[in-house]
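[1] the sequence and its predicted three-dimensional model are supplied below.
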Amino acid sequence: MRACGEEAAIVECFHLRATGVDPRLAATDPDDIAKAPAFYGGMALFGFGVWGAGAGAAFVGAMAARGGPDPYRISPMLVQAGLLTTFLALDDMYQLHENGFQRIGIPQKVVILAYVVIVIVWAWANRTAIRATEFPIAVVGLGFFALSVLLDQEVLGISRGPFFEDTPKIIGICLWTLWLSRSAIRLVRSQRTPVAEEPATV
C-alpha cells in the first residue's frame, strides 16, 4: 500500500510539473494558498467528508459480511457503490466534470450524461439487492443530485449562486451516505445468528 501511495505521489508530481504548477501546492491547504479565512469552502469540505464516510461504510459493511449468508447479493452491490462513491468524491474534489474532462475534449454535458448512464446501469444490474434495502432514501438522494445539476446548468432558469446550487448536492450526499450506511449495518446484522443456550447442568 505504501508503494502504491508513493507511486501515486510521483505521478501527481509529474502531472503538476507538466501543467506548470508547483507540486508543493498539492500538499498545502487551499486556505493557506488563497490567504482566505478558515471557514471558506466549509460546505465543500463537509461534503468531501460525507462522501468518504459513505464509501467507507460501503466497503466496511461488505468486508464484514464476507462469507456470510447474502441471498440478495447486497455485499457486491455495496462494493460497487463504494467504488462509484469514491469516484464521485474525487470528481467533486477536483471538479473533473467541469475542468478535468474538458481538457481532453469531453464536454461537461457529456460527462454528466455518462454519469447518469453509469448509475442507471449499476442500479439495473443490482436491482434485486437494491430492492432489499431502504432504497427510497437513495432515490430521494439521487433526486437532490439531479436538482443540483439542473440548477447548475440553469435548465430551470433559476440561478442564485453556488450556495443555492450546492445545497441540494449536500443533501443528496448526506442521503446517499445514510442509505449506504444503513444498508451495510442491516446486512451485517442480518447475518448474526443467536447463540444457542447451553443446557443447564443438574
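    Happy to help now that I have it.
[2] need the contact list for residue 44.
    Residue 44 is in contact with 92, 166, counting by Cβ atoms under 8 Å, 6 or more residues apart in numbering. Glycine gets a C-beta too; all of them are placed from N, C-alpha and C.
[3] show the pLDDT at it.
    For residue 44, the pLDDT comes out at 77.
[4] which element follows whatever helix or strand it lives in toward the C-terminus?
    For residue 44, the host element (DSSP states H and E) is helix 42-64. Scanning forward in sequence from helix 42-64 by DSSP H and E, the next helix or strand is helix 74-94.
[5] so what does the spatially closest residue to residue 182 that is not a sequence neighbour have for phi and psi?
    Of all residues not flanking residue 182 in the chain, residue 134 sits nearest, at 5.7 Å (Cβ to Cβ, 6 or more residues apart in numbering). The phi and psi values for residue 134, taken as degrees, to the nearest 10, are phi -80, psi 60.
[6] which one's the longest helix in this protein?
    Longest helix in the chain, counting residues (DSSP state H): helix 162-190.
[7] in that one, what counts as buried?
    The neighbour-count criterion (16 or more other Cβ atoms under 10 Å) identifies 165-166, 168-184, 187-188 as the buried residues of helix 162-190.
[8] now what about stretch 118-136, what contacts it?
    72-74, 76-77, 80-81, 84, 138, 142, 179, 182-183, 186.
[9] do that again at 10 Å, thanks
    Outside stretch 118-136, the residues that touch it by Cβ atoms under 10 Å, 6 or more residues apart in numbering are 70-78, 80-81, 83-84, 87-88, 138-139, 142, 145, 175, 178-180, 182-184, 186-187, 190.
[10] show me the shaky parts of this protein.
    Residue ranges of the chain with pLDDT under 70: 1-42, 154-163, 193-202.
[11] pretty sure residue 190 is one of the things residue 61 touches, is it not?
    No: Residue 61 lies out of contact with residue 190 (Cβ atoms under 10 Å); the separation is 11.0 Å.
[12] shared neighbours of those two, which are they?
    Common neighbours of residue 61 and residue 190 (Cβ under 10 Å, 6+ apart) are residue 74.
[13] now stretch 78-94: buried residues?
    Within stretch 78-94, the residues that count as buried by 16+ other Cβ under 10 Å are 78, 79, 80, 81, 82, 84, 85, 86, 88, 89, 91, 92.
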